[in-house]
Structures are given as structure tokens and as C-alpha cells.
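S.K.: this one's sequence-less:
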């Protein structure tokens with residue numbers, strides 16, 4: 001009997017194909033928005049979480065300011081040389097690696113462009129952490145050697161900033177000649193892929209920067225707890241700052257891998273919440289479209305419903321036929337929206353990877369696919385419930401007289 005209900009529902013959809021497809025299209029748009037945006041944001045989350053995990057349990061990141069790294073990146077806040085000494089003296093700290101960056105003019109092939117210089121310690125111990133914890137790895141060539149006028153450049157520098165720049169070429173930065181010895185592996189952001197890295201001592205010499213740094217990484221000794229050491233570093237920095245500067249001493253943020261992942265998860269979770277809110281309106285509009293179509297279908301098929309009831313169709317049977325019809329519209333809209341959404345997300349990820357050098361993948365799990373299909377059918381059935389109940393409650397005598 002249920003098989004017959006499906007046949008009746010499909011026949012009714014085919015008989016009003018244009019209206020049915022227009023209704024389904026509205027639902028497709030809502031599902032498309034959710035899947036495409038959610039898969040991209042989830043892909044971004046996977047990348048960010050992967051990078052945070054690279055920190056491991058033996059490294060913490062320290063920067064000035066109260067938990068807002070953007071203020072550090074965009075502002076002039078620095079960790080002073082005195083602060084670095086405080087970090088080095090904290091129990092459990094094995095090594096402190098300062099990072100510094102500044103804009104500078106680079107010349108090559110008769111052109112000059114402003115680039116972001118990154119100053120890194122180029123000793124063997126620091127390079128180990130650059131490679132294994134922060135993903136700064138030469139894909140071609142090697143790292144610059146300590147004290148030598150050598151550069152490691154990001155892939156965007158060789159493709160967009162100075163097309164044709166290659167290993168062995170000489171360039172000039174602030175009047176000082178350097179040799180390109182390495183091209184870095186592409187990372188997850190255009191900023192990182194546009195870097196020009198050199199030994200930090202040479203960086204300070206050509207930029208005039210002091211031994212201050214906007215950010216440092218501290219390596220924890222084996223056997224010490226990451227969170228405990230991070231808390232000690234923060235306490236020591238703030239206690240020293242208050243002793244030297246009083247109440248106006250700057251605050252510091254010390255990020256361990258767990259805290260970094262919590263912050264990243266919180267930000268991306270907020271973005272995903274906004275995505276659901278925006279796409280939810282489109283889903284509601286699509287559901288209203290299904291409801292409106294079903295009400296119209298009930299009105300047009302009033303006499304047919306009367307005939308069905310007069311030959312013995314029950315209220316439950318009439319309800320199920322209309323719910324199956326609305327559920328099929330939801331299913332088709334869900335599958336169509338999912339296919340379009342996944343395709344668009346993969347296309348957007350490809351463009352971002354190639355044009356913006358953002359290493360993002362469109363993440364779509366089997367659970368997401370199954371949930372989307374069930375959700376689409378459920379929304380279709382919910383949208384068609386009231387029209388179905390109206391059809392089921394029609395008086396057969398009145399329905400047969402309806403013109």
C-alpha cells in the first residue's frame with residue numbers, strides 16, 4: 001500500500017512539474033548555502049587545528065597584549081630584551097626564539113617592491129623548531145646560514161612579487177646585497193607565503209631594529225608541564241613589569257597548544273554560527289515555498305481527495321500521501337543543494353589555494369552528507385504537515401461538490 005502512496009505522490013509532482021521544480025529550487029538555494037559555507041569553514045578549521053597541534057607540548061608562544069594577537073601584528077607592542085631575559089630565566093624554559101618582521105624595499109631585475117622581512121635565528125637549534133613546529137621549510141634550496149647575506153623567500157615572491165626570481169639570484173634590500181638560497185614551502189596564508197626571511201642579526205642591522213620582538217617562542221624542557229610553565233612565564237613577566245613600571249605595566253599572553261586550539265575553535269565556531277543563522281533564513285523561505293505549493297495542491301485536488309475518501313481512503317492515508325509528496329521535494333532539494341554546495345566549496349577552495357595561497361580544503365564528512373539528506377526530508381515533511389492535515393480533514397461530500 002505504501003508503494004502506491006509513493007506512486008500517487010510522484011504522479012502529482014510530475015503533473016505540476018514547473019511549479020514543483022520552482023519550489024524545489026528555493027529549497028536548493030538554502031541547502032547550497034549551508035553546505036558550501038559550512039564545508040569551507042570546517043576545512044579552514046581543520047587547517048588551523050593542524051597548525052596549532054604542530055606546536056606540540058614543548059612550545060609556547062608569547063606576545064604582548066591581552067589575548068589579541070591582531071593588536072600585536074598591527075600595532076607597535078613589543079617584547080623587550082629585558083622581557084626575553086625574564087622568559088629565559090623561568091624554570092622549565094630551555095630556549096627562547098624571537099621573531100621579528102618589518103616592511104622593507106627589495107630590488108630585483110630593475111624593479112623595486114615593498115616586502116615583509118622576517119628575522120629568524122638561523123642556528124641549528126632554532127631551525128629545528130622553525131621546521132617542525134612552525135612549518136617554515138624550504139621546498140627548494142636551503143635555509144640561510146647564520147651571519148651570511150642569504151635569503152629564504154616565500155613562493156609568492158618568486159611568482160607574483162618578482163616573477164622569475166630563483167635560487168642563486170642576487171637582490172638588494174635597503175642597499176645591502178643578498179643571495180637567494182631557498183624558496184619556502186607554501187603555507188596556509190598569503191602573508192606567510194610572501195615572506196622574505198633572513199638571519200635575525202642581519203635583520204636588525206639593515207632595519208635598525210633593537211633586540212625587542214613582537215613575538216617569541218619558548219621551548220620547554222623535557223619533563224615539564226606545558227601549562228604550568230606557561231603560567232609561570234606569564235606571572236614572571238607581569239610581576240617584573242609591575243615592579244619596573246608600576247600599574248601601567250603591559251599585559252602578556254602566553255599561548256600553549258590547548259589554549260591556541262580553544263581560541264581558534266571559538267572564533268571558527270562563531271563564524272559557523274553566523275553561517276547557520278544566515279542560511280537558516282534561506283531554508284525557512286524554501287520551507288514556506290513547499291508549504292505554499294502544498295496548500296495550492298490541496299485546493300486544486302479537492303475533488304480528487306473527495307473521490308479517494310469516498311472509496312475508502314483513510315485520514316492517515318491522505319496525510320501520508322501529501323507528506324510523502326512534500327518529503328520528496330525536500331529530498332530532491334537537499335540532494336541538489338548538497339551537490340551544488342560541495343561543487344562550489346571545492347571550486348572556491350581551489351581558487352583560494354591557487355590565487356591566494358590559502359591551504360584550505362572543502363571538508364565534507366559522510367556524517368554531513370547523511371545529516372543533510374535527513375534534514376532536507378524532515379524540513380519538507382514539516383512544511384507539508386499542515387497542508388496534509390487540511391487535505392485529510394476535508395469532508396468527502398463537500399470535496400466532491402468543490403468546483
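M.R.: Yes, it's here. None of the values given here were measured: they were computed from a predicted structure. Numbers count the residues shown, from 1 in each chain.
S.K.: Strands of the stretch 151-300 of the chain, start to end?
M.R.: Secondary structure of the stretch 151-300 of the chain (DSSP state E, counting those that start in this stretch): strands at 170-173, 176-184, 195-199, 215-220, 252-255.
S.K.: Output these in JSON lines; the columns should cover mean pLDDT.
M.R.: Shown next, in JSON lines, are these (pLDDT from 0 to 100):
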{"stretch": "strand 170-173", "mean pLDDT": "92"}
{"stretch": "strand 176-184", "mean pLDDT": "91"}
{"stretch": "strand 195-199", "mean pLDDT": "89"}
{"stretch": "strand 215-220", "mean pLDDT": "84"}
{"stretch": "strand 252-255", "mean pLDDT": "80"}
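S.K.: Between the ones you listed, which one is closest to residue 149.
M.R.: strand 176-184 (4.8 Å; Cβ to Cβ). (C-beta placed from N, C-alpha, C; glycine too.)
S.K.: Domain ranges for this structure, per the record?
M.R.: 2-51+261-401, 58-255 (automatic domain parsing).
S.K.: I'd like to know which of the strands of the stretch 151-300 of the chain is closest to residue 157.
M.R.: strand 195-199 (6.3 Å).
S.K.: which outside residues touch stretch 317-331?
M.R.: The contact list for stretch 317-331 (Cβ atoms under 8 Å, 6 or more residues apart in numbering) reads 1-2, 5-6, 8-10, 12-13, 20, 23-24, 27, 290-291, 293-294, 297-298, 305, 308-309, 373, 376-381, 383-385, 387-389, 391-392.
S.K.: how about 6 Å then?
M.R.: With contacts defined as Cβ atoms under 6 Å, 6 or more residues apart in numbering, stretch 317-331 is touched by 5-6, 8-9, 12, 24, 290, 294, 376-377, 379-381, 383-384, 388, 391-392.
S.K.: Check stretch 138-157 too.
M.R.: Outside stretch 138-157, the residues touching it (Cβ under 6 Å, 6+ apart) are 122-123, 127, 167, 178-186, 193-199, 357.
S.K.: how near is the spatially most central residue of the chain to residue 378?
M.R.: For the chain, the residue nearest the mean C-alpha position is residue 44 (2.6 Å; Cα atoms, centre = their mean). For residue 44, the distance to residue 378 (Cβ to Cβ, to the nearest Å) stands at 28 Å.
S.K.: ok, now residue 328?
M.R.: Distance from residue 328 to residue 378, by Cβ to Cβ: 13 Å.
S.K.: Looking at the two, which one has more neighbours?
M.R.: residue 328 (21 against 13; other Cβ atoms under 10 Å).
S.K.: Report the secondary structure state of that one.
M.R.: Of the three states, residue 328 takes helix under DSSP: H, G, I helix; E, B strand; the rest coil.
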